[in-house]
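Asks: Compute the structure for the input listed below.
(chains A and B)
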2 protein chains.
Amino acid sequence: MPRNAFYAQSGGVTAVINASAAGVIETARKHKSKIGKVYAGRNGIIGALTEDLIDTSRESPAAIRALKHTPGGAFGSARYKLKGVEKGGREYERLIEVFKAHDIGYFFYNGGNDSADTCLKVSQISAKLGYPIVAVHVPKTVDNDLPITDCCPGFGSVAKYVATSMMEAGLDIESMAKTSTKVFILEVMGRHAGWITAAMGLAQTKAGEAPHILLFPEIAFDEEAFLAKVSESVKLYGYCTVGVSEGVQGKDGKFLSESGLKDAFGHAQLGGVAPRIAEIVRGKLGLKHHWAVADYLQRSARHIASKTDLEQSYAVGKAAVELAVKGESGVMPTIVRVSQRPYKWKIGTAKLTDVANVEKKMPRDFITEDGFHITDKCRRYLEPLITGEAFPPFDKGLPAYIRLKNLAVRKKTGEYSI
Amino acid sequence: MPRNAFYAQSGGVTAVINASAAGVIETARKHKSKIGKVYAGRNGIIGALTEDLIDTSRESPAAIRALKHTPGGAFGSARYKLKGVEKGGREYERLIEVFKAHDIGYFFYNGGNDSADTCLKVSQISAKLGYPIVAVHVPKTVDNDLPITDCCPGFGSVAKYVATSMMEAGLDIESMAKTSTKVFILEVMGRHAGWITAAMGLAQTKAGEAPHILLFPEIAFDEEAFLAKVSESVKLYGYCTVGVSEGVQGKDGKFLSESGLKDAFGHAQLGGVAPRIAEIVRGKLGLKHHWAVADYLQRSARHIASKTDLEQSYAVGKAAVELAVKGESGVMPTIVRVSQRPYKWKIGTAKLTDVANVEKKMPRDFITEDGFHITDKCRRYLEPLITGEAFPPFDKGLPAYIRLKNLAVRKKTGEYSI
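Replies: You can find the predicted model right below:
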């Protein structure tokens, strides 16, 4: 007898997380002897706790296909960490209660580090409570910081966006630098790992081109060395472009964005490491500057998604279902780099015990010795991940993104508040 | 005998200003009996003053064609206002000196309001100094604030970028709002006119979708009404997205965010109104917020340029040359909207005396009565301008933008410093 499946999106969404959802749903529909319906959690795991389930079987094949070109989380995602077993495990028991009520035998959790841990615990609690459930994690994070997998679905697209944006802004500033902005700063995501910042480095195809300086969270910010580098770049090329990670820290280990400095008018600098760096440049070098903060634009930019990333995102969703129907639980499909040139990849498998809560930072040899750029080794790693275009369809000049019907499944258990 | 032409880019560059350059150069190459070489000013008008001319005849047809898909200013642009006749007109005389030395009989100036004024003065000084020169302005400004022309080349592409970005970020925030960011603010350009801000409004196809609130420079910022609107949106839809113009002013007429710096034209340098709005939201409503500042990314985003805008940008360059060879001076080609549905346009002509230093703001009936969104009339105006895609070619995952050789013409006059 087929059993139903539960799928939830977790943590920060990406331009291609819905492609993983499409991979899960389309593949589950091909395994009717094992999998009945796929229920999605409305707002991620919260939908499971509150029994707010979405019946994806009510969506047409065309609608599910359209998920591949739609950013954001189509069913809603959540930043919500289940209370651990040390707190009585009540939330895990509630999950099992809801899963029992809807005959859910498969748990697919689409997220990053924390989510891998949750998925692992679901696979463990299943044995403990004597309720059989196969739990498979579907990797996703723009931060690219999951271990074992060669790269993380979601990263390649944000990488392509930030590299393209830096290249374009660089051409703009270069052409105006004679009489206008001399220093431009683009802030990108990455609280602890500098992968997204590194990706901006791909925009530079030869010396003198943007970006001239990259500031990684892995390298303590050295103001003096930074200012010397800015001055040198302005002297040599007439301008300087800086790519900075939101997570850059000073030598004291404090985030630069938390500095609490004030601008010329006495207004507090309100978050944002880019304006903080700009203020240092203005104050110490007196150069005209501009800054941009890409924020959510970078991780939702489906219009400039990487085809490689899109394909990998779909593939991990598909592979998760294939693992599940074979009964493999507590695992996660990974991306394995088979060859570099030409770039080839395949799907592998990792145990969640090896994945949960482990964070992969940039290797030191991916960053140049002076700490301000990426090495050729890093370039070789990154380049294939942004390769290929996969533009969405457009209607009246704008991307034609889909909104699903997201019809609710009738509740079978009592009220539950989180 | 054919005479040479001078072409210069002026002011802030756009994603498609080089398409106008291509229009000028390719069309000039078709009028060999009238036009010899096209010299471009390196760094705009500064290249004329310092006799730093670029010989575009040294560029291949393929290279000139590639300008159509390359953002920024391929020859360098400048924010430089020629010192007026009231200051002795020395700089205008110097221009004529350089033009004489290189037998330049055509002056093409590619810019916005200020540049139209410069172009007009060149056409006037020509008569005064008895040196015949045909001066034609090629319109360009992301601000869309030139009079007479239905729209401004460069605007449609930034409009498409900001509308797409708002739509994408909106989907992201909507899917996370249950447990994460409730209010998102995207800051865009537009010092005095809210055209770019208005374009974000196109992302909303029905009530409840992003953007929920737009803040225009034309409407004095009313903090109380704004906060009420934010609360209402969060209550109704679970989140609120705000598109804000850098030029938003308080009831006192002061910019909400002034950096204190001024540019060459004496305009205040703005930046950072998004964090200020965010601070108001946090302080008064205590809601979790995020903000983005698109800055130069928006006007250099050739990867998501509007095909309509691209075609119009090329067309005004082409038309400028066609006007010039007919001897029409002190004029500017315009975009004339011939029909709305289907959208049809043609090239018209305006006298620079009617264009120079006139700024076109948003009509009040393009903004809803409450001041927080665009009307259907505005939508009908904007929609065709962002229609159509014109993706650049890509190489290894990134746009394949061209860098010209930009070889200098041998100098014939003495040193001149600006």
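
Asks: Could I get the full set of strands for the stretch 151-300 of chain A?
Replies: Along the stretch 151-300 of chain A, the segments classed as strands by DSSP state E, counting those that start in this stretch run A:183-188, A:213-215, A:240-245, A:289-293.

Asks: Mind putting those strands into CSV with mean pLDDT and distance to chain B?
Replies: In this view, the C-beta of every residue, glycine as well, is placed from N, C-alpha and C. CSV is the format used below for the strands of the stretch 151-300 of chain A (pLDDT from 0 to 100; distance: least, Cβ to the nearest Cβ, whole Å):
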stretch, mean pLDDT, distance to chain B
strand A:183-188, 98, 6
strand A:213-215, 98, 16
strand A:240-245, 98, 10
strand A:289-293, 96, 4
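
Asks: and those as JSON lines, adding mean neighbour count?
Replies: Below are the strands of the stretch 151-300 of chain A laid out as JSON lines (neighbours: other Cβ atoms under 10 Å in any protein chain shown):
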{"stretch": "strand A:183-188", "mean neighbour count": "29"}
{"stretch": "strand A:213-215", "mean neighbour count": "25"}
{"stretch": "strand A:240-245", "mean neighbour count": "30"}
{"stretch": "strand A:289-293", "mean neighbour count": "26"}
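
Asks: The most centrally placed residue in chain A: what's it in contact with?
Replies: Nearest to the mean C-alpha position of chain A, by Cα atoms, centre = their mean, lies residue A:142 at 1.9 Å. The contact partners of residue A:142, by Cβ atoms under 8 Å, 6 or more residues apart in numbering or on different chains, come to A:12, A:14, A:152, A:154-155, A:157-158, A:189, A:196, A:298-299.

Asks: so where does it fall, helix or strand?
Replies: Per DSSP states H and E, residue A:142 falls between elements, in no helix or strand.

Asks: gap between it and residue A:154?
Replies: Residue A:142 sits at a distance of 5 Å from residue A:154 (criterion: Cβ to Cβ, to the nearest Å).

Asks: Residues that sit against both of these two, list them.
Replies: Common neighbours of residue A:142 and residue A:154 (Cβ under 8 Å, 6+ apart) are A:14, A:299.

Asks: Do I have it right that residue A:66 meets residue A:403?
Replies: No: Residue A:66 is beyond contact range of residue A:403, at 9.5 Å (criterion: Cβ atoms under 8 Å).

Asks: The two: who's more crowded?
Replies: Counted by other Cβ atoms under 10 Å in any protein chain shown, residue A:66 and residue A:403 do not tie: residue A:66 has more neighbours, with 21 against 15.

Asks: Contacts only, for the more buried one.
Replies: Residues in contact with residue A:66 (Cβ under 8 Å, 6+ apart) are A:401-402.

Asks: likewise residue A:373?
Replies: Counted by Cβ under 8 Å, 6+ apart, residue A:373 has contacts A:201, A:204, A:211, A:213-214, A:367.

Asks: mind redoing it with 6 Å?
Replies: A:201, A:214 (Cβ atoms under 6 Å, 6 or more residues apart in numbering or on different chains).

Asks: Please tell me how far it sits from chain B.
Replies: To chain B, residue A:373 is 17 Å away according to Cβ to the nearest Cβ, to the nearest Å.

Asks: would you say residue A:8 is within a strand?
Replies: Yes: looking at residue A:8 with DSSP: H, G, I helix; E, B strand; the rest coil, it is inside a strand.
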